[in-house]
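*Asks:* curious how this folds, go ahead:
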Amino acid sequence: MPPSGLRLLLPLVLPLLWLLLLAPGRPAAGLSTCKTIDMELVKRKRIEAIRGQILSKLRLASPPSQGDVPPGPLPEAVLALYNSTRDRVAGESAEPEPEPEADYYAKEVTRVLMVDPGNNKESRHSVYMFFNSTELREAVPEPWLLSRAELRLQRLKQQQEQHVELYQRYSNDSWRYLSNRLLAPSNTAEWLSFDVTGVVRQWLSQG
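*Replies:* Okay, here's the model as predicted:
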């Protein structure tokens, strides 16, 4: 069976790619040692980064006053960025239902590494990632058993701002946009995480 694929558009190489699957099984060890994340701080920094990107696309140093707004439609790139940001913020603002304690301790984290597609499909601005569907189904036999799936990548240190986009590949070689991320410059390597629960559940349902 051909592997299922994802595609990441970005100007850098990200090694160590894998899927993390959360499904019923043995209790996941070490979860209590995770550091607490200040989501409000993360959201503020993301908004600041997006604001900076919009100003950069408009070639402005600072937001214009209401009287300085030029007439006419906005550039398509700005509208696309606004729409994707609005949808993502709307999804994040919805508070998830608390997970029952019994269900939490009954889940197991499984790591599934990407596979070599057999041909070099990488380019300067794209990274193609393929995963073995059989291995996925061995980890999670039924789609309804999957609680969450994340695509995790290690970003190398970069001195410039970067915008990455994630796409899903279909069997007819068409692509579906999944998500995007604006990455601020960083002097250290860091891990990125994309929610691909819907994609993996679809792969599991295809049989």
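
*Asks:* next helix or strand past the helix or strand of the chain with the lowest mean pLDDT?
*Replies:* In the chain, no helix or strand scores lower on mean pLDDT, DSSP states H and E than helix 101-104, which sits at a mean of 48. Beyond helix 101-104 on the C-terminal side, the first helix or strand identified by DSSP states H and E is strand 107-113.

*Asks:* can you list the strands that that following strand pairs with?
*Replies:* Next to strand 107-113 in the sheet, as set by DSSP bridges, lie strand 18-24 (antiparallel).

*Asks:* quick check: mean pLDDT across the strand it pairs with?
*Replies:* For strand 18-24, the per-residue pLDDT values average out at 53.

*Asks:* now swap in stretch 126-136 and tell me
*Replies:* Stretch 126-136 shows a mean pLDDT of 79.

*Asks:* in that stretch, what's buried?
*Replies:* Buried residues in stretch 126-136, counted by 16 or more other Cβ atoms under 10 Å: 127, 128, 129, 130, 131, 132, 133, 136. For glycine as for every other residue, the C-beta is placed from the backbone atoms N, C-alpha and C.

*Asks:* write down the beta-bridge partners of the fifth one, one by one.
*Replies:* As for beta bridges, residue 131 partners with residue 4 under DSSP bridges.

*Asks:* so it touches residue 115, yeah?
*Replies:* Yes - counting by Cβ atoms under 8 Å, residue 131 does reach residue 115; the two are 6.4 Å apart.

*Asks:* where does residue 171 sit: helix, strand or coil?
*Replies:* Per DSSP: H, G, I helix; E, B strand; the rest coil, the secondary structure class of residue 171 is coil.

*Asks:* how close does it sit to residue 206?
*Replies:* 9 Å (Cβ to Cβ, to the nearest Å).

*Asks:* now do residue 76
*Replies:* Remark: distance between residue 76 and residue 206 (Cβ to Cβ) = 34 Å.

*Asks:* which of those two has more residues huddled nearby?
*Replies:* residue 206 (11 against 8; other Cβ atoms under 10 Å).

*Asks:* excluding chain neighbours, what is closest to the more buried one?
*Replies:* When the adjacent residues along the chain are set aside, residue 206 lies closest to residue 133, with 7.4 Å between them (Cβ to Cβ, 6 or more residues apart in numbering).

*Asks:* can I see the domain layout of this protein?
*Replies:* In the assignment given by automatic domain parsing, the structural domains of the chain cover 4-27+106-205, 39-93.

*Asks:* list the buried residues of stretch 147-160.
*Replies:* Using 16+ other Cβ under 10 Å as the test for burial, stretch 147-160 gives 147, 149, 150, 151, 152, 153, 155, 158.
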